[in-house]
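[1] I'll drop the sequence and a predicted model, then ask my questions.
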Amino acid sequence: MLGGGELSRFDALADLFPRSTEFCNIKCRVSDLKPNAVVIVATVRALKMHGGGPAVTPGKPLADVYQQENLELLEKGCANLGKHIENAKKFGLKVVVAVNQFS
């Protein structure tokens, strides 16, 4: 949240750090914004992808690993999420993580 209950949102897509660096070091300084936290939203599917799962191609069926429980891929993907959390903390901000599961 920004002062007065305002929210600012940006999509980092694959890499949070370059976008958050730009936001915190440029946009916040210029506009005098003072964020209170970083919210990272991940999906189980994305965590599995970053854990070494096969590529997802639009229009093609999902691989079985995305439709079934696969804790090994999920755990490996959480290491990637952990790095994003670590990078967000470098700005001195609290980090909130939300994980969505497709049904």
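    Yep, it's here. Every value quoted in this text rests on a predicted model; they were computed, and no experiment measured them. Numbers count the residues shown, from 1 in each chain.

[2] Pull the contacting residues for the spatially most central residue of the chain.
    Central residue of the chain (CA atoms, centre = their mean): residue 40, 4.2 Å from the mean position. For residue 40, the contacting residues are 16, 81, 84-85, 88, 95-98, by CB atoms under 8 Å, 6 or more residues apart in numbering. C-beta here means a position set from N, CA and C on the backbone, and glycine is covered the same way.

[3] Can you lay out the residues you listed as a markdown table showing distance to residue 73, secondary structure and pLDDT?
    Shown next, in a markdown table, are the contacts of residue 40 (distance: CB to CB, whole Å; DSSP: H, G, I helix; E, B strand; the rest coil; pLDDT from 0 to 100):
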| residue | distance to residue 73 | secondary structure | pLDDT |
| --- | --- | --- | --- |
| 16 | 20 | helix | 64 |
| 81 | 13 | helix | 91 |
| 84 | 17 | helix | 86 |
| 85 | 19 | helix | 90 |
| 88 | 23 | helix | 84 |
| 95 | 23 | strand | 90 |
| 96 | 24 | strand | 91 |
| 97 | 18 | strand | 92 |
| 98 | 20 | strand | 91 |
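
[4] List the residue ranges of this structure that fall below the pLDDT cut-off.
    1-19, 25, 102-103 (pLDDT under 70).
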